[in-house]
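Asks: the amino acid sequence is not available; the structure is as follows:
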């Protein structure tokens, strides 16, 4: 039986988590999928902003066979790149599924989205071009080629979400420093670092 990680979250214009959950359960039942749920509410809690990271890791670490999210448009609105998520899952032989409404309208594949500028770095890898220098935040250098760093991508997505929510670059940098997160050069974060990291998301 195929197992899928299901990521649900609250937000403006999005149906409630219970409604999303019921639709997801029904879809998984009809498709004979076993589901693992990861929910992110708007209330402050210890896992806030990390539920997507956990859901993605279960798929890439072979704990599930795919990732099911509620509305790709809403995922983009949170600052999470659908293109990068799809590419990362593809590299691990997994699928990205999307719930379009709690009425049960699911898509088994997604339409191509406009490619973020920073994905050009991944294209260099696909063409077997050696990357020189320090890799940008969100990537690692493996045998001279860029490789996606799942944890840093999740942190970058959270940074973009906070920026979209109205936090200043300085506030985002302060939050990262308080959490003990360092830049690729193992330095404290500044407004400039945050801006350069989010440049592909803004």
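Replies: Received it, and whenever you're ready, just let me know what you need. Since the structure is predicted, the reported quantities are computational estimates derived from the model, not experimental observations. Residues are numbered from 1 along each chain as shown.
Asks: excluding chain neighbours, give the residue nearest to the residue minimising distance to the centre of the chain in space.
Replies: Taking C-alpha atoms, centre = their mean as the criterion, residue 80 is the residue nearest the geometric centre of the chain, at 4.6 Å. By the measure of C-beta to C-beta, 6 or more residues apart in numbering, the closest residue to residue 80 outside its immediate chain neighbours is residue 157, 4.3 Å from it. Just so you know, the C-beta spots here come from the backbone N, C-alpha and C atoms, and that holds for glycine as well.
Asks: distance check, the one you found against residue 23.
Replies: Using C-beta to C-beta, to the nearest Å, one gets 24 Å for the distance from residue 157 to residue 23.
Asks: just residue 68 next, same as before
Replies: 10 Å.
Asks: what about the two, which has more around it?
Replies: Under the neighbour definition other C-beta atoms under 10 Å, residue 68 and residue 23 were set side by side, and residue 68 has more, 26 against 21.
Asks: can you pull the pLDDT of residue 3?
Replies: Residue 3 is assigned 85 on the pLDDT scale.
Asks: count of residues packed around it?
Replies: Residue 3 has 16 neighbours, counted by other C-beta under 10 Å.
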